[in-house]
Every structure is written in C-alpha cells, then in structure tokens.
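Novice: Please work out how this folds:
(one chain, ligands or ions: 2)
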Amino acid sequence: MNVTRRRFLKATAALYLLPTIAKANIPSAILEAKAASMQLIGAEFGDYPKTEIWGFQGTVPGPLLRFKQGDTLQQTLHNNLPQPTSIHWHGLRLPNAMDGVPGFTQDAVPTGETFDYAFPLKDAGTFWYHSHNRSTEQVARGLYGVIVVKEHTPPDVDHDIVVVLDDWRLDETAQITDDFGAMHDWTHAGRMGNYVHAHLTPSPDTLQKNARVRLRFVNVASDRIMTIAIQGGSGKVVARDGMPLQAPEDLGALVFGPAERADVILDVDPSEAQALQIVFLERDTGYLLHEIPLAGDAEATRGPIQALPANPVSYLSSLEGAREIPLVMEGGAMGRMESATFDGEDLSTRELVQKGKVWAFNGIVGMPDAPLATLRQGELVRMPIANDTAFAHAMHLHGTHFQEVLPDGGFGPMKDTILVQPRETREIAFVAPPPGKWLFHCHMLSHQSAGMKTWFEVV
Ligand code: C2O
Ligand code: CU
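Specialist: Ligands and ions are numbered 1, 2, ... in the order given. Below you'll find the predicted structure:
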C-alpha cells in the first residue's frame with residue numbers, strides 16, 4: 001500500500017477528531033469454529049489416539065475469553081464446520097439480536113461465512129459460550145468455551161482457575177460416537193458419556209499450603225449432572241451462574257446441572273493434605289478428576305473470605321403484582337403423558353416418539369409458533385415449574401437471571417439455570433428482559449432436541 005505523508009497526516013487528524021470511530025475500528029477477535037484433532041484422553045488411562053473434535057480455534061474448550069467488567073465483547077464467528085452454527089453467550093445480559101439462537105434471533109451461519117457479535121459486558125463473573133445450532137451434536141463435539149469477566153475490584157487470591165467439567169461419549173479408538181439422536185438417550189436422562197473430565201486453565205503444577213484459590217466451575221456437559229467434592233481445602237461458594245451470592249455459602253459437595261456454574265474461593269489446607277483434589281461423586285464412588293500436589297507453605301495472612309462485589313442487578317423483594325405463568329413438564333420414559341400438541345396437531349405419545357418428540361411443556365412439544373407468554377419489559381413474572389416426569393431437568397432462561405421463590409417466601413440466589421428433580425415443583429421469579437424473543441428450555445440438550453423448548457416474547 002502506498003501511504004504518503006499527506007495521507008498519514010490526514011489519518012492522524014481524523015483519529016484525533018473522532019476517537020469513537022477509531023475505537024469502533026479495532027478489529028474484533030475471531031472465533032473460528034472448525035474440526036481438529038486433539039489428545040483428549042490423558043496418558044494415565046493408556047495409549048489412546050487423538051480425538052476428532054469440533055472446537056473454537058480447533059481446541060476444546062475453546063479459547064478462554066477474558067474481559068473486565070464494562071468492556072465490550074467483540075467476536076466474529078467464522079464458521080469452518082461442515083454444518084451451520086451460531087454462538088450463544090450463556091448468562092450474559094445482551095441485546096436480543098446478539099443472543100445467538102438460529103431461526104429466532106439470527107440465521108444460522110453457513111459454512112464459510114461469518115457473524116459479528118458485539119455487546120457491553122454489564123456483569124462480572126463466570127459465563128460461557130457455546131453453539132446453539134444442532135447443539136445436541138455440536139456441544140457434544142466440543143463447541144464451547146468460558147468467559148471470565150473480571151470485577152472492578154477482584155478478590156485477592158493467589159490463583160484464579162477455570163475448571164471446565166465435561167463428559168464425552170467415546171468409542172474404543174477415543175472417537176466421539178455419532179449417535180446424537182439416540183432415542184433411548186432422548187427419552188431418558190440424555191446422552192451420558194463414558195469419559196468425565198476436568199480441564200483446568202491455568203493448571204498449576206503445585207500449590208502452596210494456605211494459598212487462596214478461586215475455582216470457577218462450569219458444567220459444559222450436554223446432559224450429565226455432576227456432583228463435585230473438593231478435598232484439601234476449605235472455603236466458600238461465592239457465586240452461582242456468574243452472579244455473586246449476597247451471603248457466600250460454606251463449601252460442601254457441589255451439584256451442577258448442565259450449564260450451571262459456581263465460583264469457589266478456598267484456602268488450601270495447611271495440615272495433613274498432600275494435594276488439592278477435585279472429585280467426581282457418583283452413587284457411592286468418588287472418581288479423582290484432577291489433583292494439584294501441595295508444596296511449601298504460604299503464610300496464612302488473609303482475612304475471612306468475603307462476598308464478591310455485587311453486579312448492577314436488582315434483587316427481588318416481593319411478588320406483589322407478579323403475573324403467574326405455571327409450567328408443567330411432561331413426557332419421557334416412565335412418564336404419564338398420553339398425548340400432546342406438536343406442530344399444531346394433537347398426537348399420541350406413540351406418534352410423538354416416531355417424530356423424536358417426547359417431552360412437553362404445558363401439553364405442547366417442541367418450539368411452538370406462539371410464545372408461552374407475551375411480556376412487557378420490566379414485568380414481574382412468577383413461574384411454578386412442576387416436573388411431572390421421571391427425570392431431572394436443568395431449565396435455562398435466556399435474557400435475564402431469575403431468583404427461586406423459596407418455601408419460606410424468601411428469594412434464592414440469582415441463577416440462569418435451575419435443576420428441577422423428578423416429581424418436584426420449584427418456583428422462579430424474574431423481571432422481563434429487554435424486548436425480543438427469549439428462549440426457555442431444558443439445558444439437557446437431548447431433552448431440548450426432543451421437545452423441551454419454549455419462549456417468551458417481550459414487547
Ligand atoms: Cu446455554 Cu439456550 O443455552
Ligand atoms: Cu430435561
């Protein structure tokens with residue numbers, strides 16, 4: 001290119017006069033969705049080959065995106081997959097057009113094409129991004145990553161570690177099985193893998209006794225609920241689903257439905273412990289997912305673990321004037337559903353199974369043309385969610401966090417996903433987000449594909 005002195009001066013002057021334009025021209029980062037192969041199974045399990053995955057930048061998890069609260073997220077999705085895709089920014093408050101739901105807030109991005117995402121980051125915390133197209137397959141193949149938005153005044157810790165919990169269904173040659181539509185999975189608890197794994201970023205080789213550590217857990221599994229215990233340290237749960245807890249909770253076993261997150265701050269045990277261990281609990285067995293050996297002592301000079309600084313969100317104080325929108329979940333194996341509406345037709349359970357649609361909300365299967373409700377922005381909604389099925393469901397609301405309405409009339413923490421156990425009823429309440437179409441679905445992605453998906457329209 002031919003840059004004359006005169007042009008250079010002109011450009012400099014323009015920059016001077018129009019700083020906002022200069023800022024908007026900063027090239028946004030690119031997230032390239034593509035196939036790649038990587039060593040997924042650790043050497044401790046034997047000599048396994050690399051696994052063919054789909055990942056952002058060709059890695060699983062995708063790049064860890066780090067921002068400061070108040071920054072603008074700017075990312076261009078470049079799709080080099082053999083299928084169309086999109087990115088949903090799970091848990092972040094954003095304009096509807098940035099929500100990444102194909103056929104709904106944008107078109108799916110075809111192979112070879114791009115889509116620009118940009119929005120300000122209002123809240124600090126631990127969030128994640130993932131494909132929202134054919135997600136039963138695309139998330140199971142690895143299309144996700146974590147977003148860390150740093151507080152203006154972050155807590156003082158020695159290590160800040162992201163822990164991605166995932167679950168892979170692999171064959172004997174370590175390849176992802178392509179049985180994504182298996183009806184047995186869809187009618188039961190979803191696609192369960194055979195390789196549960198914790199991926200740490202960064203992954204320290206050792207920790208000092210007394211060190212203060214922040215662990216940011218994210219369950220990215222397509223369907224598996226994970227119960228995690230931490231050994232060799234004690235502390236507090238300080239955030240859930242990206243939002244600070246007003247009153248941090250003592251650290252015990254943590255249960256994560258798909259998409260659920262928790263931030264933990266702990267002090268490494270100064271006594272007997274040899275390592276900090278992350279243990280996956282299932283039935284009566286604990287499986288060691290990761291351990292970091294302890295070496296040397298740090299001085300225990302820090303005070304008690306404090307609550308994180310609050311995000312600019314308003315907590316609920318009453319349900320006065322709330323509009324009640326009940327949700328009943330039905331269907332699945334061992335369910336009591338006899339028929340439901342799909343695509344405007346009333347079908348028997350047997351007919352529904354043939355179409356791969358086996359779960360319903362309020363007697364309607366799949367994503368209906370009409371919303372569950374049309375809300376005014378700012379309207380207060382209360383929603384009792386009755387799980388009349390034999391399986392747990394991790395219900396996720398797009399657009400805003402909600403709070404659980406507790407049996408004593410109080411309100412639980414801000415969450416974006418709630419795990420509702422079989423035959424259980426839990427009530428949530430929320431304030432309608434900005435205008436647009438916002439999904440409400442089960443984050444067990446097999447269930448979502450098989451009908452557990454509805455939406456709100458906000459005007
Ligand atoms: Cu994390 Cu609609 O999804
Ligand atoms: Cu479900």
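
Novice: Now do the same contact list for the residue of the stretch 101-250 of the chain found nearest ligand 2.
Specialist: Using C-beta to the ion, the single residue of the stretch 101-250 of the chain nearest to ligand 2 is residue 190, 7.0 Å away. C-beta: built from backbone N, CA, C; applies to glycine. Neighbour list for residue 190: 222, 223, 224, 444, 445, 446, 447 [criterion: C-beta atoms under 8 Å, 6 or more residues apart in numbering].

Novice: Pipe the residues you listed into a markdown table and attach pLDDT and neighbour count per row.
Specialist: Below are those laid out as a markdown table (pLDDT from 0 to 100; neighbours: other C-beta atoms under 10 Å):
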| residue | pLDDT | neighbour count |
| --- | --- | --- |
| 222 | 98 | 31 |
| 223 | 98 | 28 |
| 224 | 98 | 22 |
| 444 | 98 | 32 |
| 445 | 97 | 30 |
| 446 | 97 | 29 |
| 447 | 97 | 32 |
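
Novice: Which pair of those residues spans the longest distance?
Specialist: 224 and 447 (12.4 Å; C-beta to C-beta).

Novice: next one: the lengthiest strand in the chain to chain centre, how far?
Specialist: Ranked by number of residues, the top strand in the chain under DSSP state E is strand 285-297. What separates the centre of strand 285-297 from the centre of its chain is 25 Å, taken as C-alpha atoms, centre = their mean, to the nearest Å.

Novice: wait, what's in contact with the most centrally placed residue in the chain?
Specialist: By C-alpha atoms, centre = their mean, the mean C-alpha position of the chain lies nearest to residue 259, the distance being 3.6 Å. By C-beta under 8 Å, 6+ apart, the contact set of residue 259 is 90, 128, 219, 220, 394, 396, 416, 417, 443.

Novice: who's in contact with stretch 271-286?
Specialist: Here stretch 271-286 makes contact (C-beta under 8 Å, 6+ apart) with 163, 165, 196, 198, 207, 209, 213, 226-233, 253, 268-269, 287-294.

Novice: can you tell me the distance between the two ends of stretch 176-185?
Specialist: End-to-end span of stretch 176-185 (C-alpha to C-alpha, to the nearest Å): 15 Å.

Novice: How many residues are close by residue 371?
Specialist: Neighbours of residue 371 under the rule other C-beta atoms under 10 Å: 16.

Novice: Thought residue 437 was touching it, still the case?
Specialist: Yes. Residue 371 is within contact range of residue 437, at 7.3 Å (criterion: C-beta atoms under 8 Å).

Novice: list the residues that contact both of the two?
Specialist: Joint contacts of residue 371 and residue 437 (C-beta under 8 Å, 6+ apart) are 455, 456, 457.

Novice: By neighbours, which of those wins?
Specialist: Counting neighbours by other C-beta under 10 Å, residue 456 leads the shared contacts of residue 371 and residue 437 with 23 neighbours.

Novice: so what's it scoring on pLDDT?
Specialist: On the pLDDT scale, residue 456 is placed at 98.

Novice: Which helix or which strand is home to it?
Specialist: strand 453-458 (DSSP states H and E).

Novice: Over to residue 448?
Specialist: Taking DSSP H and E as the criterion, residue 448 maps to helix 445-449.

Novice: got it, and residue 133?
Specialist: Per DSSP H and E, residue 133 falls between elements, in no helix or strand.

Novice: Counting neighbours, what do you get for it?
Specialist: 23.

Novice: looking at it, it is touching residue 85, isn't it?
Specialist: Yes. Residue 133 is in contact with residue 85 according to C-beta under 8 Å; the separation is 4.9 Å.

Novice: which residues are common contacts for these two?
Specialist: Residues touching both residue 133 and residue 85 (C-beta under 8 Å, 6+ apart) are residue 108.

Novice: bridging residues for residue 90?
Specialist: Residue 90 has these beta-bridge partners by DSSP bridges: residue 128.

Novice: how about it, what does it touch?
Specialist: By C-beta under 8 Å, 6+ apart, the contact list for residue 90 reads 127, 128, 129, 130, 259, 396, 416.

Novice: Let me have those in TSV, adding pLDDT and distance to ligand 2 as columns.
Specialist: Converted to TSV, the contacts of residue 90 look like this (pLDDT from 0 to 100; distance: C-beta to the ion, whole Å):
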residue	pLDDT	distance to ligand 2
127	98	21
128	98	19
129	98	21
130	98	17
259	98	11
396	98	10
416	98	15
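
Novice: measure residue 77 to residue 107 for me?
Specialist: According to C-beta to C-beta, to the nearest Å, residue 77 stands 12 Å off from residue 107.

Novice: Those two: which is more packed in?
Specialist: residue 77 (21 against 13).

Novice: Point out the residues in this structure that sit beside ligand 2.
Specialist: Residues of the chain lying near ligand 2 by C-beta under 5 Å from the ion: 393, 442, 444, 447.

Novice: Specify which member of those residues is nearest to residue 412.
Specialist: Looking across those and measuring by C-beta to C-beta, the closest to residue 412 is residue 393, at 17.2 Å.

Novice: Tell me how far the closest residue to ligand 1 within the stretch 151-300 of the chain lies from residue 96.
Specialist: Residue nearest to ligand 1 within the stretch 151-300 of the chain (C-beta to the nearest ligand atom): residue 259, separated by 4.9 Å. Using C-beta to C-beta, residue 259 is found at 19 Å from residue 96.

Novice: Can you show me the helices along this structure?
Specialist: With helices called from DSSP state H, the chain shows them at 5-17, 19-24, 135-138, 183-187, 349-354, 445-449.

Novice: What ranges does the stretch 251-400 of the chain have for its strands?
Specialist: For the stretch 251-400 of the chain, applying DSSP state E, counting those that start in this stretch gives strands covering 254-256, 261-268, 275-282, 285-297, 323-324, 327-331, 339-342, 345-348, 359-361, 373-375, 380-387, 393-397.

Novice: Ok, which of those strands comes nearest residue 411?
Specialist: The minimum distance between residue 411 and these falls on strand 380-387, with 10.8 Å, by C-beta to C-beta.

Novice: Please export the C-alpha coordinates of that closest one as CSV.
Specialist: Only the C-alpha atoms of strand 380-387 are listed here, as CSV (Å, rounded to 0.1, in the frame of the first residue of the first chain):
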residue,chain,number,x,y,z
LEU,A,380,-42.6,-9.3,37.1
VAL,A,381,-43.3,-12.9,36.4
ARG,A,382,-43.6,-15.8,38.8
MET,A,383,-43.4,-19.3,37.5
PRO,A,384,-44.0,-22.5,39.4
ILE,A,385,-42.3,-25.3,37.5
ALA,A,386,-43.8,-28.7,38.1
ASN,A,387,-41.7,-31.6,37.0
